[in-house]
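>>> for reference, the sequence and a predicted model appear below.
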Amino acid sequence: MIERILNKSLEYEDFTAKTLAEIVKIKSLSCCESEVIDKIVEILSGCGVKDVRRDGLGSLIARIGSGDKMIAFDAHIDTVDTGDIAQWDFDPFCGKISDGKVFGRGTTDQKGGAAAMITAARILKEIEAELPFTVIFTFTVMEEDCDGLCWDYLINEEKIVPDFAVITEPTNLHVYRGHRGRMEMAILVKGVSAHGSAPERGDNAVYKASNIALEIEKLNDRLATDDFLGKGTVAMTKIESESPSLCAVPDICRMHLDRRLTWGETKRSALAEIEAMLPAGSSVEVPKYDQTGYMGKAYPTEAFFPSWKTPIDHPLTKAGIAVATEVLGKSPVVDKWVFSTNGVSIAGRHGIPAIGFGPGNEVAAHAPNEMVSIDHLRKASGFYAALPFFLEKELTK
């Protein structure tokens, strides 16, 4: 079976690269994914995958097989924007195929995973083997803006609850089994305005916020660590003030924090650390994401996303390692992501066992001159098509 699958992944190597090139040419920022979803529907149909539908937020679900248990393969198909275009050596939406690579925004993060999933679906339709699971391929939306939101919707509203999940974000073809959680915090600091010619008459909110910022910098150095997930971190990512004029002491200052949570850290513990350093009249809260997607629907979600890790001896992890060994011809590195994925919802919030395996290196994510190797795409497609059979074997041991 593995030989048949890997031969098919090699046979369709050019197809996978061309699929990726086609979807990279379509700009698809968060909440604006409609056109790329349409293209994926078209490609899946050409592969013989007919059981395809959109959910209420606009994510696409393709289903193959009818086993009692379900395994999901997930790729978000929105991307970040290009940033400073002068830093790119080529058109970010060129979808160029050259020198064994596909070039453009999203090739690594993470339309490459989506393209490999499409090829895996094609392989599973063609090998005519009885699938031990119901396999769903989810092409999800709004992840770059709010990771996990799409899967909260799938689980809570669409009642799609897989028994296992594979996240196809870039792992450099390593097997990943977790990552730190994430939360956002909004700090409001209040002062008293006064004329800029007599600042002593006021209470400058920016100066107060600056003192808080220095304490947050110190806090980052003493945050907890975990042997596998690593250290918790906190970073100030935005600061802005308000005043009656540019000749007045500011009476309001707002700060935004990016907080990465290691194992054992919670929303309450992270908030308490910040509350302890705030002066009277200041406050901190976890904001909500409530943007409207391309289907015209919003799904307000608190910007708190738990950490997660799947045990090294879990059947899913063991199956992933076994498949990767066949695909790579050697034992894979087993590790975790530095950044955050939809796993915060799938595994962190809902407790569904998950692993990661994806083409490309995460260091290319959100960076200029993004590209992915076709060799990675081929190996990823073989991994996805083979995993259900290896997982069934692990579960029956």
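Here it is on my side, so go on.

>>> can you give me the helices for the stretch 201-350 of the chain?
For the stretch 201-350 of the chain, the helices defined by DSSP state H, counting those that start in this stretch occupy 205-221, 267-275, 315-328, 343.

>>> winner for burial among these?
helix 343 (a mean of 33; mean count of other C-beta atoms under 10 Å). From N, CA and C alone the C-beta is placed, and that goes for glycine too.

>>> and the nearest residue to residue 47 once chain neighbours are set aside, how far is that from residue 384?
Nearest residue to residue 47 in three dimensions, chain neighbours excluded: residue 122, at 3.9 Å (C-beta to C-beta, 6 or more residues apart in numbering). Separation of residue 122 from residue 384 (C-beta to C-beta, to the nearest Å): 11 Å.

>>> and if you look at residue 364?
Relative to residue 384, and taking C-beta to C-beta, residue 364 is found at 20 Å.

>>> and these two? Which one has more around it.
residue 384 (31 against 18; other C-beta atoms under 10 Å).

>>> spit out the contact partners of the more buried one.
73, 116-117, 120, 166, 168, 357 (C-beta atoms under 8 Å, 6 or more residues apart in numbering).

>>> list the buried residues for the lengthiest helix in the chain?
If you go by DSSP state H, the chain has its longest helix at helix 374-395. Within helix 374-395, the residues that qualify as buried are 374, 376-392, 394-395, counting by 16 or more other C-beta atoms under 10 Å.

>>> how many degrees apart are that helix and helix 315-328 in direction?
Here the directions of helix 374-395 and helix 315-328 differ by 140 degrees (axes from the mean of the first three to the mean of the last three C-alpha atoms, to 10 degrees).

>>> off-centre distance for helix 374-395?
Distance, stretch centre to chain centre, for helix 374-395: 20 Å (C-alpha atoms, centre = their mean, to the nearest Å).

>>> equivalent analysis for stretch 206-216, please.
31 Å.

>>> what packs against the strand or helix carrying the residue nearest to residue 47?
Per DSSP states H and E, residue 122 falls inside helix 112-126. In terms of contacts (3 or more C-beta pairs under 8 Å, 6 or more residues apart in numbering; DSSP states H and E), helix 112-126 is packed against helix 2-11, helix 13-24, helix 34-46, strand 60-64, strand 70-76, strand 134-140, helix 374-395.

>>> so which of these is the most packed in?
Comparing these by mean count of other C-beta under 10 Å gives strand 70-76 as most buried, with a mean of 26.

>>> what's the angle from it to strand 60-64?
Between the axes of strand 70-76 and strand 60-64, defined by the same axes, to 10 degrees, the angle is 150 degrees.

>>> coming back round to it: what is the neighbour count of the residue nearest to residue 47?
Look at residue 122: counted by other C-beta under 10 Å, it has 25 neighbours.
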